[in-house]
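Chemist: heads up, no residue letters with this:
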């Protein structure tokens, strides 16, 4: 999934608050530096109350003018000289706004007020530059941390991949792990193997859009699995996918994506997930205690919690937690149960009504989804979301009948989605579940999440479809 660092989305708000604070403190700072310039200290006053246009100018100039000048277009990764030039231009616009105010104001502006304005003109760009520089350093530093490295494939003509990859900026390349290089002659089976074994979440196509057609099978394969395609541009011709053009150093790339891009809405979703998970853990703590005691009474030999490797974003494995609802030897008996009772689900997922491995209290907590409560920890840790496709065991993900079904892995897994509220275990099978998940991905919005959460409540209360 194409994702921008959330910092780049919140920086306009940070800059606005910083500019307003600078304007508000301008009179105080003017008095502080008065001895240096031989100024007479001014009486204390609230600049926004005395001259409310100072606040209005800050609101218009930051972030609107900065956005117009492209200060935010490159996500703090433009050259420092470029940022300084943008801030210098910003000062000119800011002066013009203040000049307009002086022209239309009937009363003359006091000497003290002029000094406060002068201080704000100097102080605001300095503070904005410091914010830019510190976040730039932070982004570059965190991008090269091992935990943040992204697995990528390089694609294109064999004679241009290496040279065009070398031309990309070093700080950006350090944030990526190149897991392979593919060309038009590379077998698609090999491409798929590299994607699955390395949990690839993006592919970078070199050779400009002229390389698009010759690599269309690989690009189509990535699109169908929700893997972002970065096209290193040599021209400005459009392509027939939702695209975002970004600038990385002196290089332009077109990002082709078939999944929701990172936005204010996605950032709100992330904040909401973690906040609600923390609140829900606290409020449900008595249920956790009662459930733990009952599990120990039902099957004293086993642990309270069940931990299993599930497939997360782009198939990356993570440890998902549940309250244990099966006997301690359930995993060892899986093959035996499959052979004896069969599988009620079409495809790689195993479902069975009255599974003999489930103890009596286990049926109860499954019916009302109490066994899912520990996944609030996974949501709080960022491995899952409240709404999203259900995470499947890693071994089931490996058995997907069609590689196109892996597109359900292109968003974070969740506690609930369409499958839970429109069928759950009573569904028509694996294909039904995948179609529901793709419907969610293709139509995602905060409103969709809100509606699904509301629809999940009665499904859980009445235990509809649970096994």
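Modeler: Looks like it arrived, so ask away. Source: prediction; values computed, not measured.

Chemist: just to be sure, residue 23 is in a helix?
Modeler: Yes. The assignment for residue 23 by DSSP: H, G, I helix; E, B strand; the rest coil puts it in a helix.

Chemist: how many neighbours does it have?
Modeler: Neighbourhood size, residue 23 [other CB atoms under 10 Å]: 24. Heads up, the C-betas are built off the backbone N, CA and C, glycines and all.

Chemist: equivalent analysis for residue 257, please.
Modeler: For residue 257, the tally of surrounding residues (other CB under 10 Å) stands at 22.

Chemist: what are the ranges of the strands in the protein?
Modeler: Remark: strands assigned in the chain by DSSP state E are 150-155, 176-182, 202-205, 228-232, 243-248, 251-256, 305-311, 317-323, 385-387, 414-416.

Chemist: make a markdown table out of those and add mean neighbour count and distance to residue 222.
Modeler: A markdown table is the format used below for the strands of the chain (neighbours: other CB atoms under 10 Å; distance: least, CB to CB, whole Å):
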| stretch | mean neighbour count | distance to residue 222 |
| --- | --- | --- |
| strand 150-155 | 22 | 8 |
| strand 176-182 | 17 | 10 |
| strand 202-205 | 24 | 5 |
| strand 228-232 | 25 | 5 |
| strand 243-248 | 15 | 14 |
| strand 251-256 | 19 | 8 |
| strand 305-311 | 18 | 18 |
| strand 317-323 | 19 | 21 |
| strand 385-387 | 25 | 23 |
| strand 414-416 | 24 | 23 |
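
Chemist: would you reformat these as TSV and include distance to residue 462 and mean pLDDT?
Modeler: Converted to TSV, the strands of the chain look like this (distance: least, CB to CB, whole Å; pLDDT from 0 to 100):
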stretch	distance to residue 462	mean pLDDT
strand 150-155	42	91
strand 176-182	46	91
strand 202-205	42	93
strand 228-232	40	88
strand 243-248	43	74
strand 251-256	43	78
strand 305-311	25	93
strand 317-323	20	94
strand 385-387	20	96
strand 414-416	14	94
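
Chemist: could those strands be laid out in JSON lines, adding distance to residue 405?
Modeler: Converted to JSON lines, the strands of the chain look like this (distance: least, CB to CB, whole Å):
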{"stretch": "strand 150-155", "distance to residue 405": "20"}
{"stretch": "strand 176-182", "distance to residue 405": "21"}
{"stretch": "strand 202-205", "distance to residue 405": "19"}
{"stretch": "strand 228-232", "distance to residue 405": "18"}
{"stretch": "strand 243-248", "distance to residue 405": "24"}
{"stretch": "strand 251-256", "distance to residue 405": "20"}
{"stretch": "strand 305-311", "distance to residue 405": "12"}
{"stretch": "strand 317-323", "distance to residue 405": "18"}
{"stretch": "strand 385-387", "distance to residue 405": "20"}
{"stretch": "strand 414-416", "distance to residue 405": "17"}
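
Chemist: out of the ones you listed, flag the one nearest residue 133.
Modeler: Relative to residue 133, the nearest member of these by CB to CB is strand 243-248, separated by 18.5 Å.

Chemist: that older thread, do you know which of the strands of the chain lies nearest residue 365?
Modeler: Nearest to residue 365, of all the strands of the chain, is strand 317-323, at 5.8 Å by CB to CB.

Chemist: in its sheet, what does that closest one sit against?
Modeler: Here strand 317-323 has these sheet partners by DSSP bridges: strand 305-311 (antiparallel).

Chemist: output the lowest mean pLDDT helix or strand found in this protein.
Modeler: helix 47-50 (a mean of 65; mean pLDDT, DSSP states H and E).

Chemist: nearest residue to residue 406 in space, please, no chain neighbours.
Modeler: With sequence-adjacent residues excluded and distances taken as CB to CB, 6 or more residues apart in numbering, residue 406 is closest to residue 225, at 4.4 Å.

Chemist: measure the one you found to residue 153 for me?
Modeler: Going from residue 225 to residue 153 by CB to CB, to the nearest Å gives 12 Å.

Chemist: and for residue 205?
Modeler: From residue 205 to residue 153 the distance is 9 Å (CB to CB).

Chemist: ok, residue 246 touching residue 257?
Modeler: No. Counting by CB atoms under 8 Å, residue 246 sits too far from residue 257 to count as a contact (11.5 Å).

Chemist: so where do the helices sit in the stretch 51-200 of the chain?
Modeler: Assigned by DSSP state H, counting those that start in this stretch, the helices in the stretch 51-200 of the chain fall at 53-59, 66-68, 80-104, 111-143, 158-166, 170-173, 188-198.

Chemist: quick check: which of those is buried the most?
Modeler: helix 53-59 (a mean of 19; mean count of other CB atoms under 10 Å).

Chemist: could you pull up the mean pLDDT of that one?
Modeler: The average pLDDT within helix 53-59 is 68.

Chemist: can you check stretch 213-222 too?
Modeler: 91.

Chemist: which positions within that stretch qualify as buried?
Modeler: Within stretch 213-222, the residues that count as buried by 16 or more other CB atoms under 10 Å are 214-215, 218-219, 221-222.

Chemist: can you list the residues that contact it?
Modeler: 155-157, 182-184, 186, 188, 191-192, 195, 203, 205, 207, 212, 228-229, 256, 403 (CB atoms under 8 Å, 6 or more residues apart in numbering).

Chemist: shared neighbours of residue 225 and residue 153, which are they?
Modeler: Residues touching both residue 225 and residue 153 by CB under 8 Å, 6+ apart: residue 195.

Chemist: follow-up on the earlier one: mind checking pLDDT for the residue nearest to residue 406?
Modeler: Looking at residue 225, its pLDDT reads 92.

Chemist: change the start of the numbering to 515 and stick with it
Modeler: Fine by me, first position is 515 from now on; the one you just mentioned is residue 739.
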